[in-house]
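1. what follows is a predicted protein model with its sequence.
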Amino acid sequence: MTLLSLTIPLGATTDTLTVALVGDIMLGNTYPKNRLPANGGNNLFDHTRDILRRADIAAGNLEGAMCVGGTCTKSLSNNRSYAFKMPPEYRRHLADAGFDFMCLANNHINDFSATGRAETMANLDKVGIGYAGLPECRYAFKEIRGVKFGFCAFGYNSYVLKHTNEKLVREIIGEVREDCDILIVSFHGGDEGSHCNPLPYGTEYFHGENRGDLRKFAHLCIDLGADIVFGHGPHVTRAVEGYKGRIIAYSLGNFCTSTGMNVTGNRGHSPILEVQVNRNGVLLGGKIHSFKMRFGAGPEPDPANSVAQLMKKLSENDIKNNLIRILDDGTLVVTPYKEVSKSDNTSDLLWKDSTYPTKEFLMGKHTYSEDPNFVNIPSKYTGLSKENSYIQKPVLAAFEKMYADAKAAGITLRVTSASRNFNTQKYIWESKIKEYTEKYPDRIECAKRVLKYNSLPGTSRHHWGTDIDLISKQLSYWNSTQGKKAYAWLQANAHKYGFFQPYSKGRTTGHGEEKWHWSYYPLSDLYLKEYLKIVTTSDIKGFKSDFSAETFDVINNYVLGISNGQKLTAYGQ
């Protein structure tokens, strides 16, 4: 497939439209005391106004209320909560800068209750800026050059339209899609902080709050008809993905927030993502323009182009088979997407670099040594015997990167178990049944006890070549100082390489917590979906105590008894 670099001069053709996207905007705060920019905020957009105004559409996230009234809903005494109240007259700065749409689906729009929300919407109405993201404003429209743009927005709080509610997402996107030519979706989500540049797999949390599975959500939006999806919330930038001929920006960070938020280091990166699409919303090209903030001022040019280069690196590291390549100067190079018709062999394309998911393979009835997609794990990573050390090639490649980085941190991630076929799992299962029978003579209680840390043959994730056990299965190790260090590193970093912990703490079903078990999400997620389609409990048989499959409803309670991130994805598509 040929890479197509599109740097089309703006206005060169009526078939090309330009959309400028930014992250969080909080122009100044009057609560609990005034923290406002110089000169009444008139100079906040001096360096960015030209780019924003030359775009056909400009959109961002209004991080706070723009109001005079309202009662503060936040407790500011714990040093973890902030309330943002922008002067209503600052609405003219947004209009003058060229903004057309604002996302209101964030955790600060309700800082001054329903009164603050109502005043914010009224102030945006006065300057002709559309907005969305609340139950009282589900979407907005604007027609430019004969093209009707639709805009909707989602967040994670109780008072906004939630991206964690898939039924609602489908409903709203369906309504907007019917009435527009190009659909833009904005979302507020993800963990927060300077450590949040990498894009994890699965559900993200911040202080225990569900902030969404953003990969799943963004893909769903485009699958439902969105053309441009852009996010914010972590206060730092994240990867950009080309998906099915459309674009996803997972976080554009802070844009103009220098009088109320931390803008040091990577929190001060303030990009404008300029996107070019045709009249059908198909991605043609674009550019990341690098700006940075300092306290009290608006975004200023960044001669080092640091944010574009960071987003380039993040997009290369975090997105597999990305249809967008970012050059050092921020230019987006787009690989045209070929829509695959139902008559084409889509399954072959999907499984091109991995083993096709037949029922036999998913249940471990497979010879790994004869499969060209599997490779024996090099001995420096494991002390396993050759017959039990196979893994799929993409999994090994990701693990090698993780191993090297962990080693640099003083942690050796030795693999203690990798792929297991049906017969190996059968041996493990039946040995445990024999061991436990004397202590638990009741066969149902015995099987239940064994299931705590052992899968039935035909149900183990280790059948797929995507899962590995690391370092030790002894709980005493993971409770030791070194074990706690290793687990803390894995929790903080494994997602960067595509791994997640399927049996984490806090689940109500499934096997017990296994700090040693890590799964390569990009493949295991696909296999889990196929498993749920083609394997039934009646297929799980041929070993001692195989009554357990039906008795314990193992597919729903154990195969699906995993951490929320992958469970939600498996059900969602």
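-> Sure, I can see it.
2. stretch 135-144: end-to-end distance?
-> End-to-end distance for stretch 135-144: 26 Å, by CA to CA, to the nearest Å.
3. got the buried residues for that stretch?
-> Buried residues in stretch 135-144, counted by 16 or more other CB atoms under 10 Å: 137, 138, 139, 140, 142, 144. Glycine gets a C-beta too; all of them are placed from N, C-alpha and C.
4. ok, for the first one, nearest residue in space, not its chain neighbours?
-> Excluding its sequence neighbours, the residue lying closest to residue 137 (CB to CB, 6 or more residues apart in numbering) is residue 131, at 5.6 Å.
5. next structured bit after the helix or strand containing the one you found?
-> Per DSSP states H and E, residue 131 falls inside strand 130-132. The helix or strand immediately downstream of strand 130-132 is strand 140-144, counting by DSSP H and E.
6. what about that following strand, average pLDDT?
-> Average pLDDT, strand 140-144: 97.
7. what lines up beside it in the sheet?
-> Sheet pairing of strand 140-144 (DSSP bridges) gives strand 147-154 (antiparallel).
8. how big is the angle separating the helix or strand just after the strand it pairs with from strand 140-144?
-> Remark: after strand 147-154, the chain's next helix or strand is helix 166-177, criterion DSSP H and E. Inter-element angle recorded for helix 166-177 and strand 140-144: 30 degrees (by axes from the mean of the first three to the mean of the last three CA atoms, to 10 degrees).
9. report the distance from the helix or strand just after helix 166-177 to the chain centre.
-> Later in the chain than helix 166-177, the nearest helix or strand by DSSP H and E is strand 182-188. Centroid separation for strand 182-188 versus its chain: 15 Å, with CA atoms, centre = their mean, to the nearest Å.
10. report the angle between strand 182-188 and helix 166-177.
-> 150 degrees.
11. I'd like to know which elements the following helix or strand past strand 182-188 is packed against.
-> Remark: after strand 182-188, the chain's next helix or strand is strand 204-206, criterion DSSP H and E. On a contact count with 3 or more CB pairs under 8 Å, 6 or more residues apart in numbering; DSSP states H and E, strand 204-206 meets strand 209-212.
12. centre of the chain to the strand it packs on, how far?
-> 11 Å.
13. please apply the same query to stretch 85-93.
-> 32 Å.
14. from now on call the first residue 201
-> Got it, the first residue is 201 from now on, which makes the last one we talked about stretch 285-293.
15. what about it, average pLDDT?
-> 98.
16. cool, and stretch 354-373?
-> 97.
17. give me the contacts around it.
-> Stretch 354-373 is contacted by residues 303-307, 309-310, 317, 332-335, 338-339, 352-353, 383, 385-389, 409-412, 417, 420-421, 424-426, 433, 772 when judged by CB atoms under 8 Å, 6 or more residues apart in numbering.
18. tell me the helix or strand right after the worst-scoring helix or strand of the chain on mean pLDDT.
-> Here the helix or strand of the chain ranked lowest by mean pLDDT, DSSP states H and E is strand 204-205, holding a mean of 32. Counting by DSSP H and E, the element after strand 204-205 in chain order, helix or strand, is strand 216-225.
19. what's the angle from that following strand to strand 347-354?
-> 20 degrees.
20. who does strand 216-225 pair with, and is each partner parallel or antiparallel?
-> strand 257-262 (parallel), strand 454-456 (parallel), strand 472-478 (antiparallel).
21. out of these, nearest to residue 708?
-> Smallest distance to residue 708 across those (CB to CB): 34.7 Å, for strand 257-262.
22. for the helix or strand just after the closest one, packing partners?
-> On the C-terminal side of strand 257-262, the closest following helix or strand by DSSP H and E is strand 265-266. With contacts defined as 3+ CB pairs under 8 Å, 6+ apart, the packing partners of strand 265-266 are strand 285-286, helix 313-326.
23. who's in contact with the last one?
-> When contacts are taken as CB under 8 Å, 6+ apart, the neighbours of helix 313-326 outside the stretch itself are 262, 265-271, 273, 285, 288, 291, 294, 302, 304, 309-310, 312, 330-331, 334, 336-337, 359.
24. ditto for the shortest one
-> Contacts with strand 285-286, where a contact means CB under 8 Å, 6+ apart, come from 226-231, 264-267, 270, 311-312, 316.
25. which one of those is nearest residue 459?
-> Using CB to CB, those come closest to residue 459 at residue 228, 4.9 Å.
26. now for the closest residue to that closest one other than its chain neighbours: which residues touch it?
-> Counting by CB to CB, 6+ apart, residue 236 is the residue found nearest to residue 228 once chain neighbours are left out, at 4.0 Å. With contact taken as CB under 8 Å, 6+ apart, residue 236 is in contact with 228, 229, 230, 287, 459.
27. for residue 272, see how far away the fourth one is.
-> Translated: residue 287. 16 Å (CB to CB, to the nearest Å).
28. are any of the contacts of stretch 354-373 buried, and which?
-> Among these, the ones that count as buried (16+ other CB under 10 Å) are 303-307, 309-310, 317, 332-334, 338-339, 352-353, 383, 385-389, 411-412, 417, 420-421, 424-426, 433.
29. buried subset of the contacts of helix 313-326?
-> Counted by 16+ other CB under 10 Å, those give 262, 265-267, 270, 273, 285, 288, 291, 294, 302, 304, 309-310, 312, 330-331, 334, 337, 359 as buried.
30. thinking again about what came up before, right, and the residue nearest to residue 337 touches residue 262 too?
-> Yes - assessed by CB atoms under 8 Å, residue 331 is found in contact with residue 262 at 7.4 Å.
31. any common contacting residues for the two?
-> 302, 303, 304, 320, 324.
32. which helix or which strand is home to residue 636?
-> Using DSSP H and E, residue 636 maps to helix 622-637.
33. ok so, going back, most tightly packed of the helices and strands packed on strand 265-266?
-> strand 285-286 (a mean of 28; mean count of other CB atoms under 10 Å).
34. who are the neighbours in contact with the nearest residue to residue 341 once chain neighbours are set aside?
-> Distance criterion CB to CB, 6+ apart; nearest residue to residue 341, sequence neighbours excluded, is residue 350 at 5.5 Å. Taking CB under 8 Å, 6+ apart, we find residue 350 in contact with 339, 340, 341, 376, 377, 379, 380, 382, 383, 384.
35. beta partners of residue 350?
-> Going by DSSP bridges, residue 350 forms beta bridges with residue 341, residue 383.
36. let me know the pLDDT of it.
-> At residue 350, pLDDT is 98.
37. please report how far it lies from residue 301.
-> Residue 350 is 10 Å from residue 301, by CB to CB.
38. now residue 706, what's its secondary structure?
-> coil (DSSP: H, G, I helix; E, B strand; the rest coil).
39. tally of neighbours for it?
-> 7 (other CB atoms under 10 Å).
40. quickly find the element holding the residue nearest to residue 751 when sequence neighbours are not counted.
-> Distance criterion CB to CB, 6+ apart; nearest residue to residue 751, sequence neighbours excluded, is residue 644 at 6.3 Å. Using DSSP H and E, residue 644 sits in helix 643-650.
41. same thing with residue 684?
-> Under the assignment here (DSSP H and E), residue 684 is part of helix 681-693.
42. please save the CA atoms from that helix in PDB.
-> The C-alpha coordinates for helix 681-693 follow below in PDB (Å, rounded to 0.1, in the frame of the first residue of the first chain):
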ATOM      1  CA  THR A 681       9.900  -6.400  49.000                       C
ATOM      2  CA  GLN A 682      11.200  -7.400  45.500                       C
ATOM      3  CA  GLY A 683       7.900  -8.900  44.500                       C
ATOM      4  CA  LYS A 684       6.100  -5.700  45.500                       C
ATOM      5  CA  LYS A 685       8.600  -3.700  43.400                       C
ATOM      6  CA  ALA A 686       8.100  -6.000  40.400                       C
ATOM      7  CA  TYR A 687       4.300  -5.800  40.600                       C
ATOM      8  CA  ALA A 688       4.300  -2.100  41.100                       C
ATOM      9  CA  TRP A 689       6.400  -1.800  37.900                       C
ATOM     10  CA  LEU A 690       4.100  -4.000  36.000                       C
ATOM     11  CA  GLN A 691       1.000  -2.200  37.100                       C
ATOM     12  CA  ALA A 692       2.600   1.100  36.000                       C
ATOM     13  CA  ASN A 693       4.200   0.000  32.800                       C
END
